[in-house]
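Undergrad: Requesting a structural model of the entry that follows:
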Amino acid sequence: MPALPAFAHAVTERTRTLQTRLCVGLDPRADAYRDTAHLRLHTLDVLEATAPFAACVKPQLAFFEALGLPGFALLEEVCALARTLGLPVILDGKRGDIGSTAEAYARAWLGGPHAGDALTVNPFLGFATLTPFVAAARANGGGIFVLVKTSNPDQNDVQGSGISERVAVEVARLNAEELEGDAVDGEYASVGAVVGATHARDLATFRALMPRALLLLPGLGAQGATAADLAPAFHAGGTGALASASRGVQYANGLDVAASVAAAKRFRDELNAAL
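TA: Prediction:
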């Protein structure tokens, strides 16, 4: 059996050790703060305070990019603090392009100074766009999460008519190249998949189509998904999926960090109860 990817292994071990399936999303919205210094302090405080209840953290790149150079500096701080806390980092950038541009994105976000342990990737330019990201993830012990069926209501414009299922089959093919044998609880490859928590009726289908993929389930909380609906995304041992909540944690009650902690704990407990 080949060595398991470091990112997938780290997330799975943290899930088992801390009994948490929660991915805490960080979306630092500039209009919520007095200034950049206030934004920085609150974002780092939320990260550190909620870490005991999180399996991983997911910074949304758009909000950091919108801040310019201070945003990139903060992103590096977030990644460094997360690693100090033992939290794997998923960068939510939904990158996807062709040829050398895709290679540059892969170098920047999976191997650069502000790289994450994993990156969300858009496959809708064609499956060849995934190749540099897969290669970079494997080379660095990281992971990617391919958009399969996203949580937004109008996703069906592009992802309907069997397209999501076709992408899922490609994810499974890539993972079959990497890991041998049948799916085993806790053994996941470097190519994961984004499947919206808002698509509860489809979770069992995508779990079956991608048995070796970690599933990232955005939409918990503010987008209306509930933990009680998510059990079909997990394997019997309670591994294999991460439910993401961003606004519902970071801004659970304005900028009250204690409320963020309470929300993270509640989501963790609800997910565990659902399993």
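
Undergrad: Helices along the stretch 1-150 of the chain, start to end?
TA: 6-18, 36-50, 61-65, 69-84, 99-111, 130-140 (DSSP state H, counting those that start in this stretch).

Undergrad: and of these, who's closest to residue 249?
TA: Between residue 249 and these, the tightest spacing by C-beta to C-beta is seen for helix 36-50, at 6.2 Å. Placement of C-beta: from N, CA and C, glycine included.

Undergrad: Residues in contact with the closest one: which ones?
TA: 24, 26, 28, 30, 32-33, 57, 67, 70, 74, 77-78, 81-82, 85, 87, 249-250, 255, 257-258, 260-261, 264 (C-beta atoms under 8 Å, 6 or more residues apart in numbering).

Undergrad: Need the nearest residue in space to residue 15, chain neighbours excluded.
TA: In space, residue 15 comes closest to residue 55 once its chain neighbours are excluded; the distance is 5.0 Å by C-beta to C-beta, 6 or more residues apart in numbering.

Undergrad: Need the helices of the stretch 1-150 of the chain in a markdown table (columns: mean pLDDT, distance to residue 225 and mean neighbour count).
TA: What follows is the helices of the stretch 1-150 of the chain, written out as a markdown table (pLDDT from 0 to 100; distance: least, C-beta to C-beta, whole Å; neighbours: other C-beta atoms under 10 Å):
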| stretch | mean pLDDT | distance to residue 225 | mean neighbour count |
| --- | --- | --- | --- |
| helix 6-18 | 95 | 19 | 19 |
| helix 36-50 | 98 | 19 | 18 |
| helix 61-65 | 97 | 21 | 18 |
| helix 69-84 | 96 | 24 | 17 |
| helix 99-111 | 94 | 26 | 18 |
| helix 130-140 | 95 | 26 | 21 |
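
Undergrad: Can you tell me which helix or strand of the protein has the lowest average pLDDT?
TA: Of all the helices and strands that make up the chain, helix 156-159 has the lowest average by mean pLDDT, DSSP states H and E, namely a mean of 71.

Undergrad: So for the helix or strand following that helix, mean pLDDT?
TA: As assigned by DSSP states H and E, the chain's next helix or strand after helix 156-159 is helix 163-178. Here the mean pLDDT over helix 163-178 is 94, rounded to a whole number.

Undergrad: Can you identify the element that follows helix 163-178 toward the C-terminus?
TA: Using DSSP H and E, the helix or strand that follows helix 163-178 in sequence is strand 191-195.

Undergrad: could you give the mean pLDDT of the next helix or strand after that next one?
TA: Note on strand 191-195: by DSSP H and E, the next helix or strand toward the C-terminus is helix 203-209. For helix 203-209, mean pLDDT is 96.

Undergrad: same thing with stretch 248-256?
TA: Averaged over stretch 248-256, pLDDT sits at 97.

Undergrad: still on that earlier bit, okay, now the residue nearest to residue 15: neighbour count?
TA: In terms of burial, residue 55 registers 27 neighbours under the definition other C-beta atoms under 10 Å.

Undergrad: was I right about it contacting residue 17?
TA: No. The pair residue 55 and residue 17 fails to qualify as a contact (C-beta atoms under 8 Å) at a distance of 9.6 Å.

Undergrad: Okay, the closest residue in space to residue 74 that isn't next to it in sequence and residue 67: tell me how far apart.
TA: Beyond its immediate neighbours in the sequence, the residue positioned closest to residue 74 (C-beta to C-beta, 6+ apart) is residue 40, lying 5.3 Å away. Residue 40 sits 9 Å away from residue 67, taking C-beta to C-beta, to the nearest Å as the criterion.

Undergrad: Overlap of the contact sets of those two?
TA: residue 74.
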